[in-house]
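**Q** Fold the following for me, if possible:
(2 chains)
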Amino acid sequence: MNNCEEFQKLISVCLDEPLTTEQQNKLDVHIAQCADCRTFQESAINLRGLIRSLPFQSMAQPLRRPSPWWRRKIALPFPAVAAGILLLAASWLIHLSPTQFERVESDAESFLVFEQIDIIKLEPVSAVKLANGN
Amino acid sequence: MEIIDLQDWQAFCHGDNSAMERLYDRHSPALLSFCLYLCGDRTKSEDIVQDSFMSLMAQKEGHKITRSVRSWLFVTARNLVYNVSRRISHQSLDSLSEDHLATNSNPDISLIIDRIISSLPADEKELLLLREHQGFSVSDIAEMLNLSKENVRIRLYRIRKRIQEKERTLK
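**A** Sure thing, here's the model as predicted:
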């Protein structure tokens, strides 16, 4: 193990876990001689110090119980809403297509005919009239 | 801390609600900081912390947590952060990094750390925060992120190396 990359990996490991005595001795000897590896070690230790100096944040609210579902905000994604509106519009247009109009009209006519038939008054006819064809 | 956590967890499972409040008081600040540095939005981070504790409470049935409560909370919070950031497609995790600047007492340090942290990809950012800010061990992180220990060591080395190179360019 002679190259700096291997030693720098060891420096990184050394920050997280203890090394074996042999590894630690080799590392110490190398660091004493190598400015690049010393710089890497200092940088890693500084980074740790900087990040550990960051304060922990406090929650603005205490632990709250979950709100019931009817009080929760519903956040629908825009594409889903747009697709839903398009689908509704399309089904409405299909419903009001020309064939549908025709069907509605023909239904109305048949209803009227039925009404006309319904109001015809049937009168009793004599057997003589029937025989004469009137 | 883990023993106290497990004791409180067991107490909560047996009906002591104040035990959950103790867990909340003990872990919510660290959890909030983690979420805040990961996603950068304070309101969302607070919601995620709340949701993480709600999920923890939902584990009560069947006493599902047998190991570290703290690790469980961090993994849950981390997954929730990614779910939220996936929904906010127009904002990447890296671009969300302003709120925590305003909450840090020392703006110079904040600026340096902000530059460092925000320059990292999301997976490296969480690894660095778990190790250096939250103090999780390599074994814990490997278990939490479903990685091998060797992989965690190598990633940490690469992150440290990259940051050192960035420092050089900043100087």
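**Q** List, one by one, the residues from chain A near chain B.
**A** A:8-9, A:12-13, A:15-17, A:39-40, A:43-44, A:47-48, A:50-64, A:66, A:77 (C-beta under 8 Å from any C-beta of the partner chain). In this view, the C-beta of every residue, glycine as well, is placed from N, C-alpha and C.
**Q** In strands, which of those appear?
**A** The members of these all map outside strands under DSSP state E.
**Q** measure B:Q10 to chain A for me?
**A** Distance, B:Q10 to chain A, using C-beta to the nearest C-beta, to the nearest Å: 18 Å.
**Q** do the same with B:T169
**A** Distance, B:T169 to chain A, by C-beta to the nearest C-beta: 13 Å.
**Q** Assign that residue to one of the three secondary structure states.
**A** helix (DSSP: H, G, I helix; E, B strand; the rest coil).
**Q** now the helices: where do they sit in the chain?
**A** Picked chain A for this. Applying DSSP state H to chain A gives helices spanning A:4-16, A:21-33, A:35-52, A:78-95, A:98-119, A:127-132.
**Q** that's the wrong chain, I meant chain B
**A** Going by DSSP H, chain B shows helices at B:2-13, B:17-39, B:42-58, B:69-87, B:99-103, B:107-118, B:122-128, B:138-144, B:149-170.
**Q** one step back: pull out the buried residues from the residues of chain A next to chain B.
**A** For the residues of chain A next to chain B, a neighbour count by 16 or more other C-beta atoms under 10 Å in any protein chain shown gives the buried set as A:8-9, A:12-13, A:15-16, A:40, A:43-44, A:47-48, A:50-51, A:54, A:57, A:59, A:63.
**Q** dump the residue contacts of the residue positioned nearest the centre of chain B.
**A** When C-alpha atoms, centre = their mean is applied to chain B, the residue found nearest the centroid is B:F34 (3.6 Å). Contacts for B:F34 (C-beta atoms under 8 Å, 6 or more residues apart in numbering or on different chains) come out as B:F74, B:A77, B:R78, B:L129, B:L130, B:H133, B:Q134.
**Q** what number of residues lie near the fifth one?
**A** I take that to be B:L130. If you count neighbours by other C-beta atoms under 10 Å in any protein chain shown, B:L130 ends up with 24.
**Q** Of all the helices of chain B, which one is nearest A:A83?
**A** Across the helices of chain B, A:A83 has its closest neighbour in helix B:69-87 (16.6 Å, C-beta to C-beta).
**Q** Run the chain-centre distance for that closest one.
**A** Relative to its parent chain, helix B:69-87 has a centroid offset of 8 Å by C-alpha atoms, centre = their mean, to the nearest Å.
**Q** That helix vs helix B:17-39, what angle?
**A** Counting by axes from the mean of the first three to the mean of the last three C-alpha atoms, to 10 degrees, helix B:69-87 lies at 40 degrees to helix B:17-39.
**Q** Report the mean confidence score over helix B:69-87.
**A** Average pLDDT, helix B:69-87: 87.
**Q** helices and strands of chain B: which one has the lowest mean pLDDT?
**A** Every helix and strand in chain B was compared by mean pLDDT, DSSP states H and E; the lowest is helix B:99-103, with a mean of 44.
**Q** Kindly compare burial across the helices of chain A and name the winner.
**A** helix A:4-16 (a mean of 18; mean count of other C-beta atoms under 10 Å in any protein chain shown).
**Q** Which elements pack onto that helix?
**A** For helix A:4-16, the elements it packs on are helix A:21-33, helix A:35-52, helix B:149-170, judged by 3 or more C-beta pairs under 8 Å, 6 or more residues apart in numbering or on different chains; DSSP states H and E.
**Q** cutoff 6 Å now
**A** Using 3 or more C-beta pairs under 6 Å, 6 or more residues apart in numbering or on different chains; DSSP states H and E as the contact criterion, the elements in contact with helix A:4-16 are helix A:35-52, helix B:149-170.
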